[in-house]
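Chemist: structure for the following, please:
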Amino acid sequence: MLTPGTLNTLFFDAIAQYDRPQAMRYKHNGAYTPISHKEIERRVRHVALGMAAAGAKPGDRVAILSENRPEWAICDYACLTSGVTDVPLYPSLPADQLPYMLNDAGAVAIFVSTAAQAAKIAEIRSHLPALKTVCAFDGKFPGVDCTFAELEARGAAADSADAMTAYTQRALGVQPTDLATIIYTSGTTGEPKGVMLTHGNIASNVAASRQLLPMQEEVTLSFLPLSHIFGRMADYLMFSVGAEICYAESIDKLLQNFGEVHPTFVFSVPRIYEKVYAGAIENARKGGALKYRLFQWARRVGDRAASERLAGRQPTGALALQNAIAQRLVFSKLRARMGGRMRIFVSGSAPLAPEVAKFFYAADLGVLEGYGLTETSPVVSVNTPDHNRIGTVGMPISNIEVKIAADGEICVRGPGVMLGYYNKPDATREAIDPDGFFHTGDIGELRDGYLVITDRKKDLIKTAGGKAIAPQPIENLVRQNRYVSQAVMIGDRRKFVALLIVPNFEQLEGWAKHKGIAFANHTQLIANPEVKAKMEREVLDHLQGLATFETPKKIALIEHDFTIESGELTPTLKVRRRVIDSKYKPIIDALYEEPPSQPVMAH
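Modeler: Sure thing, here's the model as predicted:
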């Protein structure tokens, strides 16, 4: 078992224990190319020595602005082993959102990946007085001071037996209480806050997660942003058990990459599972009436078999036979799309619809849902193969204490809880009480030891009638409809709740063409009364089991996706409701001017 300590100990222990030819793989010239443990160790040392030669000192802050790739991990480990605090930044952020974080952290250098990322820094560099060096992974671009290859070469020139000894001693001299990283959380309200996480914070979380999740000789596909603590801790965990870490090319090529690397253990977020689920249903629809009936039959059988297995029993008799047929004819195809070797999915970062989780479980692609926050390094609780209760986020991990406050807020104490928010002592005191409990802002309860998240404390919508509504579960339900791409609930201090809907235009256009509806663009399509009525039926008629006050009464159709670049979503794809309320105020006001009858068109 891994002893909690530092991320540097984790790194060196894994190198010594596994020493494999394929520690990491990345796509190069159309094929996945391996990097060995020995090569990673050498490159990390050379980057660390190169940084030192360039003037980086322990305690300095160095930023990373890059997509997932081996250089990201190499940079990270080079910073950690040098005693440098790294500051990861989401590669999806536009240039104008970067100066606040870089200046708040006082970053003296930044690693960027591509020409596009280098251009962002060049655009804002005059606003970054502390920044001395820009180093690019992919080449010498305008505004770049050195390339990654040049930095490595400088480190290689400085390498020697004495230099290696000094470097290793310095790395192993780093303490669990030393600051490892500052991760900026782009909250749904207010300016970003820099979460200070120590080596011990993250290493303790790796150790506890490793105890709970059964590991073999794993292959993982890394696509969650390493700039987010979930993706980063997952990579540390995989590295610590000697797994082969394969970096996905992009979200668009994810299914292709699954088929190329054949992963066994993957960490993801609900949106990916929702897309796979919707895709399976759509493929069945396109296969004709017989194939679709077979799919629906298999789904019902799989659901019943999954219920038996989740209750600790194996299907028997006719159900066992039917399930075997369903597995062979339907679910085996889904497993093949996921690479054919998947054992475990872990889901986090947002609620996963129970219907989606059960579908994956029925296909022998068990999704273990967990819960955590950047401020808790991140895992607070997680389901396991032996203790999996769909609809919950599992039991708290071994070194985390969870209590439910009088108002229902989930409070967490343990070695994974952050030091605090960088340069924000007042916010830190507000978040961590004198007893050391971090107040998560999430509302939940413990049921038989399993944690259930019910609401987001600051994300509740209160209607004019005083009713409090949690929007996320309803939005998740709406997004399961094949005609819906995005959904945001509105109605704070209004007489009823409504929905802003971005249609799945691929599906909607197909339906419109089948109906003979003419349109030249999305604006014309969503303006058509027949299309608006169709979307209203699809969305509102399928919301069953909700209380009257929480049932949306109207919808508005939005022509463009909500995006990070527009400020409507955080980098972790959480809705910034205040931004959307402000940006779409005329559209929202129009929804409440007339009694609920017809949806409103917006573009």
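Chemist: make it CA atoms for all contacts and neighbour counts henceforth
Modeler: Fine.
Chemist: for the stretch 101-250 of the chain, which segments count as helices?
Modeler: For the stretch 101-250 of the chain, the helices defined by DSSP state H, counting those that start in this stretch cover 115-124, 148-158, 161-172, 199-212, 229-240.
Chemist: is Asn399 in a helix, a strand, or coil?
Modeler: Three-state assignment for Asn399 (DSSP: H, G, I helix; E, B strand; the rest coil): coil.
Chemist: before we move on, what about Asp455?
Modeler: Classification of Asp455 using three-state DSSP returns strand.
Chemist: any idea what it is bridged to?
Modeler: Ile443 (DSSP bridges).
Chemist: show the contacting residues for the nearest residue to Arg343 once chain neighbours are set aside.
Modeler: Distances taken as Cα to Cα, 6 or more residues apart in numbering place Thr264 nearest to Arg343, at 5.2 Å, with adjacent residues excluded. Residues in contact with Thr264, defined by Cα atoms under 8 Å, 6 or more residues apart in numbering, are 218-220, 341-344.
Chemist: any idea what Val219 is bridged to?
Modeler: Glu244.
Chemist: can you count the residues close to it?
Modeler: Val219: 23 surrounding residues under other Cα atoms under 10 Å.
Chemist: which residue ranges make up the domains of the protein?
Modeler: The record's domain split for the chain, according to automatic domain parsing, is 7-199, 461-602.
Chemist: could you list the low-pLDDT ranges of the protein?
Modeler: Where the chain drops to pLDDT under 70, the residues are 1-4, 186-190, 594-603.
Chemist: quick one, longest helix in it?
Modeler: Looking across the chain with DSSP state H, the single longest helix is helix 289-310.
Chemist: and that one, how far out from the chain's middle?
Modeler: Its chain's C-alpha centre and that of helix 289-310 lie 29 Å apart, by Cα atoms, centre = their mean, to the nearest Å.
Chemist: buried residues in it?
Modeler: For helix 289-310, burial by neighbour count (16 or more other Cα atoms under 10 Å) applies to 292, 295, 298-307, 310.
Chemist: I'd say Tyr18 and Gly242 touch.
Modeler: Yes - taking contacts as Cα atoms under 8 Å, Tyr18 lies within contact range of Gly242: 5.8 Å.
Chemist: mind checking which of those two has more residues around it?
Modeler: Gly242 (23 against 17).
Chemist: these two touch, right, the more buried one and Gln216?
Modeler: No - using Cα under 8 Å as the test, Gly242 is too far from Gln216 to be in contact (9.1 Å).
Chemist: give the full set of residues in contact with Arg482.
Modeler: Arg482 touches 278, 282, 504, 507, counting by Cα under 8 Å, 6+ apart.
Chemist: make that Leu237, sorry
Modeler: Leu237 sits in contact with 206-207, 209-210, where contact means Cα under 8 Å, 6+ apart.
Chemist: need these in JSON lines with distance to Gly545, can you?
Modeler: Compiled in JSON lines, these are given as follows (distance: Cα to Cα, whole Å):
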{"residue": "Val206", "distance to Gly545": "40"}
{"residue": "Ala207", "distance to Gly545": "41"}
{"residue": "Ser209", "distance to Gly545": "36"}
{"residue": "Arg210", "distance to Gly545": "39"}
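Chemist: and of those residues, the nearest to Glu550?
Modeler: Ser209 (36.8 Å; Cα to Cα).
Chemist: wait, doesn't the closest one sit right on Ile397?
Modeler: Yes - using Cα under 8 Å, Ser209 is in contact with Ile397, at 7.1 Å.
Chemist: name the residues contacting each of those two.
Modeler: With Cα under 8 Å, 6+ apart, Ser209 and Ile397 have common neighbours Val379.
Chemist: and Gln216, how many residues sit next to it?
Modeler: Here the number of neighbours of Gln216 (other Cα under 10 Å) works out to 11.
Chemist: ok, back up a step: hmm, who's touching the helix or strand that comes right after the longest helix of the chain?
Modeler: Next in sequence after helix 289-310, counting helices and strands by DSSP states H and E, comes helix 317-326. With Cα under 8 Å, 6+ apart as the test, helix 317-326 has contacts from 298-299, 301-302, 304-305.
Chemist: thinking again about what came up before, among the helices of the stretch 101-250 of the chain, which is nearest Asn521?
Modeler: Per Cα to Cα, nearest to Asn521 of the helices of the stretch 101-250 of the chain: helix 115-124, 29.6 Å.
Chemist: and that closest one, what does it pack onto?
Modeler: Of the remaining helices and strands, none touches helix 115-124 by 3 or more Cα pairs under 8 Å, 6 or more residues apart in numbering; DSSP states H and E.
Chemist: can you tell me how far Ile555 sits from Ile410?
Modeler: According to Cα to Cα, to the nearest Å, Ile555 and Ile410 sit 33 Å apart.
Chemist: these two: who's more crowded?
Modeler: Shown here are Ile555 and Ile410; by other Cα under 10 Å, Ile555 has more neighbours (28 against 24).
Chemist: thinking Ala306 is in contact with Glu355, fair?
Modeler: No - at 11.4 Å, Ala306 does not count as touching Glu355 under the criterion of Cα under 8 Å.
Chemist: can you list residues touching both of these two?
Modeler: Contacts common to Ala306 and Glu355, judged by Cα under 8 Å, 6+ apart, are absent.
Chemist: isn't Met51 right up against Leu151?
Modeler: Yes - counting by Cα under 8 Å, Met51 does reach Leu151; the two are 7.2 Å apart.
Chemist: strands of the stretch 401-550 of the chain, residue ranges please.
Modeler: Per DSSP state E, counting those that start in this stretch, the stretch 401-550 of the chain carries strands over the ranges 401-404, 409-413, 420-421, 438-447, 450-456, 461-462, 468-469, 484-490, 498-503.
Chemist: would you give the sheet partners of the third one, along with the direction of each?
Modeler: I take that to be strand 420-421. Applying DSSP bridges to the sheet, strand 420-421 is found paired with strand 193-198 (antiparallel).
Chemist: end to end on stretch 550-563, go ahead and measure it.
Modeler: 26 Å.
Chemist: ditto for stretch 449-461
Modeler: One end of stretch 449-461 to the other measures 29 Å (Cα to Cα).
Chemist: what's in contact with that stretch?
Modeler: 381, 389, 391-396, 409, 441-446, 468-472, 490-493.
Chemist: among these, name the buried ones.
Modeler: Buried among the contacts of stretch 449-461 by 16+ other Cα under 10 Å: 381, 389, 391-396, 409, 441-446, 468-472, 490-492.
Chemist: out of the buried residues of helix 289-310, which one sits closest to Thr198?
Modeler: Closest to Thr198, out of all of those and judged by Cα to Cα, is Leu310, at 37.4 Å.
Chemist: picking up where we left off before, can you give me the angle the longest helix of the chain makes with helix 317-326?
Modeler: Interaxial angle, helix 289-310 versus helix 317-326 (axes from the mean of the first three to the mean of the last three Cα atoms, to 10 degrees): 130 degrees.
Chemist: elements contacting helix 289-310?
Modeler: helix 270-286, helix 317-326, helix 354-362.
Chemist: next, Val575: phi, psi?
Modeler: Backbone torsions of Val575, given as degrees, to the nearest 10, read phi -80, psi 130.
Chemist: now it, nearest residue through space, not along the chain?
Modeler: Leu569 (4.8 Å).
Chemist: okay, now that neighbour: neighbour count?
Modeler: When neighbours are counted by other Cα under 10 Å, Leu569 registers 20.
Chemist: need the phi and psi values for it.
Modeler: Recorded main-chain torsions at Leu569 are phi -120, psi 150, according to degrees, to the nearest 10.
Chemist: tell me who's in contact with it.
Modeler: By Cα under 8 Å, 6+ apart, the neighbours of Leu569 are 188, 562-563, 575-576.
Chemist: relative to Phe549, which of the contacts of Thr264 is nearest.
Modeler: Checking the contacts of Thr264 against Phe549 with Cα to Cα, the nearest one is Ile344 at 38.5 Å.
Chemist: which residues touch that closest one?
Modeler: 264-266, 365-368.
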